[in-house]
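S.K.: one predicted model, sequence on top.
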Amino acid sequence: MDHATSKEVKMAIKSTSPLAGLLRKSPFKPLQEHMRTVFSCVCLLPQMFDALYNDDNRQLEETAGQIARLETEADKLKSIFRLHMPKTLFMPVDRRDLLTLLRDQDAIADDAEKISQILTSREMRVPDEIKDLLDELLEGVMEICGEAKLMIEELDELVQVGFGGKEYDKVIRMIAGVRRSEHNIDNILHRIKRALFRVEEKLPPVSAMFWYQIIDLLGNISNQAENMSDRLLLFLSK
């Protein structure tokens, strides 16, 4: 979601931007900075759901505002990355692959903001029958996003060792961990949708629809993290 105004973007992409300077040195530093912002955005989701459980509308709105600001910051960083990315990279990574990785990262922040918008646009109540599974799903999403962030943090080390050695083995293990986490989340998604289906007749139809949408968005965040691991595996295989 590109909420930044054209003026803000122009200010953000000046050649004097510290992030633009980093990009001239390494395309990974800005990518890592972007992922840190994305992860900060996702880390606020459990706080949002805690506020929802406690009927704390003030906290709900404040947290949604924080998520919106972080998502906007991620958009600015994305614009800098795209506009200052060299046409040719003197390293074993394709420019298009890096841009695709950036897109996957940014989609995580977008989905986090979509969830926050749903939770603040109407009065939502968590059905008791899905609460435990929802907590389990949130925990899984936080775990896989944390694993994805750690993978991105290792990119500089990978370059220094020429995409080989112990660092290579370490990242391969990380990728395997993300895939295991995504498989676990798929299982949770199946169970929570079944639980919601069993009680959806008791819920207002619009509420049931939105809960399915929230669950799918949490699943999308997990899928994007797995996409990032697939993209990194592509880097390693070239």
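M.R.: Happy to help now that I have it. Just so it is clear, the model here is predicted, and its values are computed rather than measured.
S.K.: check the offset of the host helix or strand of Ile118 from the chain's centre.
M.R.: Using DSSP states H and E, Ile118 sits in helix 95-121. Offset of helix 95-121 from its chain centre (CA atoms, centre = their mean, to the nearest Å): 6 Å.
S.K.: just stretch 231-238 next, same as before
M.R.: Offset of stretch 231-238 from its chain centre (CA atoms, centre = their mean): 20 Å.
S.K.: same question, stretch 116-130
M.R.: Distance, centroid of stretch 116-130 to centroid of chain: 21 Å (CA atoms, centre = their mean).
S.K.: quick one on the thing from earlier: tell me the mean pLDDT for the helix holding Ile118?
M.R.: Mean pLDDT, computed over helix 95-121, is 94.
S.K.: so which elements touch it?
M.R.: Applying 3 or more CB pairs under 8 Å, 6 or more residues apart in numbering; DSSP states H and E, one finds that helix 95-121 contacts helix 28-42, helix 45-53, helix 57-84, helix 128-153, helix 205-237. To be clear about C-beta, it is placed using only N, CA and C from the backbone, and glycine gets the same treatment.
S.K.: deepest-packed of these, please.
M.R.: helix 28-42 (a mean of 22; mean count of other CB atoms under 10 Å).
S.K.: what angle do that one and helix 205-237 make?
M.R.: Relative orientation of helix 28-42 and helix 205-237, computed by axes from the mean of the first three to the mean of the last three CA atoms, to 10 degrees: 160 degrees.
S.K.: could you export helix 28-42 as CSV, CA atoms only?
M.R.: Output in CSV follows, covering the C-alpha atoms of helix 28-42 (Å, rounded to 0.1, in the frame of the first residue of the first chain):
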residue,chain,number,x,y,z
PHE,A,28,21.6,-5.9,1.0
LYS,A,29,21.8,-3.2,3.7
PRO,A,30,18.6,-1.3,2.6
LEU,A,31,16.9,-4.7,2.1
GLN,A,32,17.7,-5.6,5.7
GLU,A,33,16.6,-2.2,6.9
HIS,A,34,13.3,-2.6,5.1
MET,A,35,12.8,-6.1,6.6
ARG,A,36,13.4,-4.7,10.1
THR,A,37,10.6,-2.2,9.6
VAL,A,38,8.3,-4.9,8.2
PHE,A,39,9.0,-7.1,11.2
SER,A,40,8.3,-4.3,13.6
CYS,A,41,5.0,-3.9,11.8
VAL,A,42,4.1,-7.6,12.3
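S.K.: next one: phi and psi at Asp56?
M.R.: Here is the backbone geometry of Asp56 (degrees, to the nearest 10): phi -100, psi 80.
S.K.: contacting residues around it?
M.R.: The neighbours of Asp56, taking CB atoms under 8 Å, 6 or more residues apart in numbering as the test, are Asp50.
S.K.: make residue 1 into 671 and carry on from there
M.R.: Will do, 671 is the new start, and the previous item becomes Asp726.
S.K.: and it, what pLDDT?
M.R.: 96.
S.K.: cool, and Asn890?
M.R.: Model confidence at Asn890 (pLDDT) stands at 97.
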